[in-house]
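A.B. asks: below are the sequence and a predicted model for it; my questions follow.
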Amino acid sequence: MPHRAGSSAISTLILPPLWQNKTAFVVQSSGMKAVAIPSGNTIWTATSTKGSYSTPPIVVNGVVYVGMSSGYLLGYIWNGGKAVVSMNMGYPTSAYETGGVGSPESGLGAGQGILVVPASTHLIALQH
C-alpha cells in the first residue's frame with residue numbers, strides 16, 4: 001500500500017518495494033534506487049525530469065519498469081540502472097490504495113509477453 005511520509009506541506013510518496021535477484025527496488029515520488037540484499041548497499045539510483053514516480057516497480061525481461069504521474073513509463077536495466085525505456089502513455093499512471101472492492105488496486109502487470117500499464121481510466125497493453 002502506498003504511504004505518504006512527512007508533513008502535510010511536503011510529503012513523499014513511498015510505494016511497496018520489489019524484491020528480485022537479491023535486490024530491492026525502492027520507489028519514492030522523487031526517485032528510485034536498487035539496493036543489494038542483505039548488505040543494504042545502494043547499487044544504483046535514478047531520478048527523472050518527467051514527473052513524479054507513481055507506481056510500484058515491476059521487472060520484465062531484465063528491465064525495471066515504473067510509471068510516472070506525468071504519464072510516462074520508464075524502464076531501467078535491473079542490475080545497472082541504465083535508462084532504456086521512456087514512453088508517454090498519454091495519461092497519468094498511478095497505483096494508489098482505493099480501499100474498495102468496486103475500485104481494485106492498480107499497478108503495472110505482465111504476462112504472456114504483454115506489459116499492462118494502468119493510465120487514468122485506460123489500460124494500455126504493450127508487447128515486450
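C.D. replies: In hand now; what should we look at?
A.B. asks: go through stretch 44-63 and flag the buried ones.
C.D. replies: Residues 44, 46, 48, 51-60, 63 are the ones in stretch 44-63 that count as buried (16 or more other Cβ atoms under 10 Å). C-betas here are computed from N, CA, C, even on glycine.
A.B. asks: what do you get for stretch 108-126?
C.D. replies: For stretch 108-126, a neighbour-count test (16+ other Cβ under 10 Å) marks L108, A110, L115, V116, V117, P118, A119, I124, L126 as buried.
A.B. asks: then stretch 27-35?
C.D. replies: V27, S29, M32, K33, A34, V35.
A.B. asks: what's the average pLDDT for stretch 80-99?
C.D. replies: Here stretch 80-99 scores 84 as its mean pLDDT.
A.B. asks: same question for stretch 108-127.
C.D. replies: Averaging pLDDT along stretch 108-127 yields 90.
A.B. asks: now do the end-to-end distance for it.
C.D. replies: In stretch 108-127, first residue to last residue: 13 Å (Cα to Cα, to the nearest Å).
A.B. asks: centre of the chain to that stretch, how far?
C.D. replies: The chain centre lies 13 Å from the centre of stretch 108-127; the measure is Cα atoms, centre = their mean, to the nearest Å.
A.B. asks: also stretch 49-68?
C.D. replies: Relative to the centre of its chain, stretch 49-68 is centred 3 Å away, using Cα atoms, centre = their mean.
A.B. asks: show the average pLDDT along it.
C.D. replies: Per-residue pLDDT over stretch 49-68 has a mean of 91.
A.B. asks: perfect, that will be all.
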